[in-house]
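Student: sequence unknown, structure follows:
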């Protein structure tokens, strides 16, 4: 398969040290190269970005203008995909640009003057530019919906449908997601022509342990503090309410813990700075709203923590998928009250995941038995 791709892609592949393609890459790349519309579901951490990026880069003609659009629901995800593009397009002469809400529109227009062949965008800002006739869609042959289930929610779907309608009829549409409900699949099919549907259930992930601590709601902060002090931990903790996030940050900062925050109301540069500090290991813990759960690939997350219980099973899966990526091990920790404990047990039964109760003993995660033995 790799041998069929353009030489510059083979070169970057060899440099990157990947051994072999993942299951989703093996199945999606040929379908995209053949020009088929595609709906693909594959767990987080299985290499979905490259499953569409490699065939796009192979298909792009460097002497033509705009040919492909990649849409994602958050600014962070767009920037992350764009960074991957920069790495994999090295030496190809292919130009790409990112168009996101919250960024300087003038600067974005300057970027468009360089006639990129690929645009990576959030839907609202891209549609604005299409309506202003700053982005000409008639030559676009391929549209990717990354984390498609998030793009087809009421907040984004009109933008996405209008973007797709602005292209010619012979365009190709592909959608990737870690979880795919039937309603989303049906919405996607309405925008496509006889799409192939791929589902990869087996993950190439490492061993992930699911554990929980039972506590009162007010004691969650104390447990979080203990998790933030664990040796060699790089923890991503989730909270539902932005207001509460600031309170947690202040309390943990007061204890002189290396903790940052990430939420959608922060300024773009502050969001980028927090992510960079966490990625670079300067922060041991990042407390985030679910904007960070979506598609962000942060290497080496050892612990995912549910401070607030996930709203549904799909949210639990997405959050948990931030650890145990590409063969690494990880731990998913839920901090639960009585009611949440019952709900968590139901989730784990449905997912067929073993779940273990734990306590903290002398600053370490332990079982009740270990405490007695010591």
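Tutor: Structure received. Just so we're clear, the structure is a prediction, and the values are computed from it rather than from any experiment.

Student: can you spell out which helices and strands pack onto the helix or strand where residue 164 lies?
Tutor: Taking DSSP states H and E as the criterion, the element that holds residue 164 is helix 154-165. The contact analysis (3 or more Cβ pairs under 8 Å, 6 or more residues apart in numbering; DSSP states H and E) places helix 154-165 against strand 68-71, helix 123-131, strand 142-145, helix 148-151. Placement of C-beta: from N, CA and C, glycine included.

Student: OK, contacts around residue 227?
Tutor: Contacts here follow Cβ atoms under 8 Å, 6 or more residues apart in numbering; on that basis residue 227 touches 233, 235, 237, 285, 303, 305, 333.

Student: now do it against residue 235, distance only.
Tutor: 6 Å (Cβ to Cβ, to the nearest Å).

Student: find the residues that touch each one of these two.
Tutor: When Cβ under 8 Å, 6+ apart defines a contact, the residues bordering residue 227 and residue 235 alike are 285, 303, 305.

Student: tell me the one among these nearest to residue 75.
Tutor: Of all the shared contacts of residue 227 and residue 235, the one with the least separation from residue 75 (Cβ to Cβ) is residue 285, at 21.9 Å.

Student: buried sites along the helix or strand hosting residue 318?
Tutor: Using DSSP H and E, the element containing residue 318 is helix 313-320. Of the residues in helix 313-320, those buried by neighbour count under the rule 16 or more other Cβ atoms under 10 Å are 315, 316, 317, 318, 319, 320.

Student: average pLDDT across it?
Tutor: For helix 313-320, mean pLDDT rounds to 85.

Student: per-residue pLDDT of the residue nearest to residue 364 when sequence neighbours are not counted, please?
Tutor: The shortest distance from residue 364 to any residue that is not its chain neighbour, by Cβ to Cβ, 6 or more residues apart in numbering, is 7.6 Å, and that residue is residue 230. At residue 230 the predicted local distance difference test score is 91.

Student: got a list of what residue 230 touches?
Tutor: With contacts defined as Cβ under 8 Å, 6+ apart, residue 230 is in contact with 303, 363, 364, 365.

Student: hang on, the earlier thing: in a markdown table: the shared contacts of residue 227 and residue 235, plus pLDDT and distance to residue 60.
Tutor: Conversion of the shared contacts of residue 227 and residue 235 to a markdown table gives the following (pLDDT from 0 to 100; distance: Cβ to Cβ, whole Å):
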| residue | pLDDT | distance to residue 60 |
| --- | --- | --- |
| 285 | 92 | 40 |
| 303 | 95 | 39 |
| 305 | 96 | 41 |
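
Student: quick one: which of these sit in strands?
Tutor: Secondary structure of the shared contacts of residue 227 and residue 235 is defined by DSSP state E; positions in strands are 285, 303, 305.

Student: can you put these in a markdown table and add neighbour count and distance to residue 357?
Tutor: Compiled in a markdown table, those are given as follows (neighbours: other Cβ atoms under 10 Å; distance: Cβ to Cβ, whole Å):
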| residue | neighbour count | distance to residue 357 |
| --- | --- | --- |
| 285 | 25 | 22 |
| 303 | 23 | 16 |
| 305 | 25 | 16 |
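
Student: can you pull out the strands in the stretch 101-250 of the chain?
Tutor: With DSSP state E, counting those that start in this stretch as the criterion, the stretch 101-250 of the chain has strands at 118-121, 142-145, 172-177, 196-199, 208-214, 235-238.

Student: buried residues in stretch 124-143?
Tutor: Applying a neighbour-count criterion of 16+ other Cβ under 10 Å, the buried positions in stretch 124-143 are 125, 126, 127, 128, 129, 130, 135, 137, 140, 141, 142, 143.

Student: of all the residues you listed, which comes closest to residue 31?
Tutor: Of all the buried residues of stretch 124-143, residue 31 sits closest to residue 142, with 12.2 Å by Cβ to Cβ.

Student: and the closest one, how far from residue 32?
Tutor: When residue 142 is compared with residue 32 (using Cβ to Cβ), they lie 8 Å apart.

Student: same check on residue 355?
Tutor: For residue 355, the distance to residue 32 equals 38 Å [Cβ to Cβ].

Student: please say which of those two ends up with more neighbours.
Tutor: Taking residue 355 and residue 32 together and counting by other Cβ atoms under 10 Å, residue 32 has the greater number of neighbours (24 against 17).

Student: I'd assumed the more buried one was in a helix, is it?
Tutor: Yes - remark: residue 32 belongs to a helix, assigned using DSSP: H, G, I helix; E, B strand; the rest coil.

Student: and the pLDDT for it?
Tutor: At residue 32 the predicted local confidence, pLDDT, stands at 94.

Student: cool, and residue 51?
Tutor: According to the prediction, residue 51 has pLDDT 93.

Student: my guess is it meets residue 24, correct?
Tutor: Yes - assessed by Cβ atoms under 8 Å, residue 51 is found in contact with residue 24 at 4.9 Å.

Student: who has more neighbours out of the two?
Tutor: Neighbours around residue 51 and residue 24, counted as other Cβ under 10 Å, are more numerous at residue 51. The numbers are 28 against 24.

Student: give the closest residue to the more buried one in space, chain neighbours not counted.
Tutor: Nearest non-adjacent residue to residue 51 (Cβ to Cβ, 6+ apart): residue 28, at 4.2 Å.

Student: about what we covered before: could you dump the buried residues of helix 313-320 to a markdown table with distance to residue 8?
Tutor: What follows is those, written out as a markdown table (distance: Cβ to Cβ, whole Å):
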| residue | distance to residue 8 |
| --- | --- |
| 315 | 38 |
| 316 | 40 |
| 317 | 35 |
| 318 | 33 |
| 319 | 36 |
| 320 | 36 |
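
Student: any idea which of those residues is closest to residue 116?
Tutor: residue 318 (29.9 Å).

Student: isn't that closest one right up against residue 179?
Tutor: Yes - applying Cβ under 8 Å as the test, residue 318 and residue 179 come out as touching, 6.9 Å apart.
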